[in-house]
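Q: Predicted model and sequence follow; I will ask about them next.
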Amino acid sequence: MPELPEVETTARLVRPGVEGRRVRAVEVEWLRTLGGSSEPAFRAAVVGTRIAAVHRRAKFVCLDLERRGCPAGGLLVHLRMTGRLVVTAPREPVPEWRKVSLQLDRGALHFLDVRKFGRFTFHADPEAALAHLGPEPLGPEFTEEALWAGLRSRRRALKPLLLDQSFVAGLGNIYVDEALHRAGLHPLRSSASVRRASAEALHQAIRSILAAAIEREGSSFDTFYRTPEGKPGEYQHLFQVYGRGGQPCRTCGSTIQRLVVGQRGTHVCPRCQPRPRGAALAGRRP
């Protein structure tokens, strides 16, 4: 599933082609993509609006709409497993796997989705729809102090906690594994046991890894994630542990282990990330 760097890349590359454009028509091929809205209601809410801004929140691409200069709700796009946003020029063919299209006053914005899990939904109040999300890991609210306080106030294994979107928004399986490895923390370690220095190392790891992944337009380790321009990301070439079970750690040479933590495949170096006491067998893959 695309995570923060992939969604940020999508928002940045889509923005120049759609920001400031007016929606002339809507075409829907897969109704479920609208997230429960009827096609007539979706069309009535969107057609005639202007796309005022394109940005990202957590794992959502957000399109702010306005009508006659006033806010008119917004579109929240969740790519899920195989969703993509693509902008086409006028008279350019409709891409394959199109589920929803916005015909603009110049060109079109298409939502493509092979597996049909993604969502392209209208919300009269997008901020309310996203109110359950935690702070952005690259934003000003996500400080070392805030992370340490949040870890100490909970007694959860680190990986499930970091995947909890209400704790910190946008992180997923890939970048949590990579950040925990860089910070030298085992994914099964209790958050309440993390010392201040380790929390600072984790904070730095999260922010630096996300920034590097965005610079390389995300990670493509399968055939599905591609940028709106159709190119794969490049950060997968820098993975230290994710997807490298059975291979040597690039830091110490130990064999990377694959565990199951919180029902998620997890990759860890047993030397760089010492296993906490009491978790000797917990999470080990059967």
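A: All right, it came through fine.
Q: for the chain, which spans come out with low pLDDT?
A: 223, 278-286 (pLDDT under 70).
Q: just the helices in it please.
A: All helices of the chain, identified by DSSP state H, fall at 4-18, 39-46, 126-129, 144-152, 158-163, 173-183, 196-215.
Q: winner for burial among those helices?
A: Among these, ranked by average contacts under mean count of other Cβ atoms under 10 Å, first place goes to helix 173-183 (a mean of 24). Yep, even glycine has a C-beta here, placed from its N, CA and C like the rest.
Q: helices or strands next to that helix in the packing?
A: Under the contact criterion of 3 or more Cβ pairs under 8 Å, 6 or more residues apart in numbering; DSSP states H and E, helix 173-183 touches helix 158-163, helix 196-215, strand 264-268.
Q: Please save the CA atoms from that helix in CSV.
A: The C-alpha coordinates for helix 173-183 follow below in CSV (Å, rounded to 0.1, in the frame of the first residue of the first chain):
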residue,chain,number,x,y,z
ASN,A,173,5.0,-1.1,7.0
ILE,A,174,8.0,-0.1,4.9
TYR,A,175,9.1,3.0,6.6
VAL,A,176,8.3,1.8,10.2
ASP,A,177,10.6,-1.2,9.6
GLU,A,178,13.3,1.1,8.2
ALA,A,179,13.1,3.7,10.9
LEU,A,180,13.1,1.2,13.8
HIS,A,181,16.2,-0.4,12.3
ARG,A,182,18.0,2.9,12.0
ALA,A,183,17.1,3.8,15.6
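Q: I'd like to check the angle between it and helix 4-18, please.
A: Going by axes from the mean of the first three to the mean of the last three Cα atoms, to 10 degrees, helix 173-183 is angled at 130 degrees with respect to helix 4-18.
Q: neighbouring contacts of helix 173-183?
A: 1, 3-5, 158-159, 162-163, 171, 186-187, 198, 201-202, 204-206, 208-210, 213, 219, 239-242, 251, 264-269, 272-273 (Cβ atoms under 8 Å, 6 or more residues apart in numbering).
Q: coming back round to it: make a markdown table from the helices of the chain and add distance to Asp105 to it.
A: Below are the helices of the chain laid out as a markdown table (distance: least, Cβ to Cβ, whole Å):
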| stretch | distance to Asp105 |
| --- | --- |
| helix 4-18 | 10 |
| helix 39-46 | 14 |
| helix 126-129 | 22 |
| helix 144-152 | 43 |
| helix 158-163 | 40 |
| helix 173-183 | 37 |
| helix 196-215 | 30 |
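Q: closest to Gly118 out of the ones you listed?
A: Nearest of these to Gly118, taken as Cβ to Cβ: helix 4-18 at 11.5 Å.
Q: still on that earlier bit, could the helices and strands packed on helix 173-183 go into a markdown table alongside distance to Ala44?
A: As requested, those are exported to a markdown table (distance: least, Cβ to Cβ, whole Å):
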| stretch | distance to Ala44 |
| --- | --- |
| helix 158-163 | 37 |
| helix 196-215 | 36 |
| strand 264-268 | 40 |
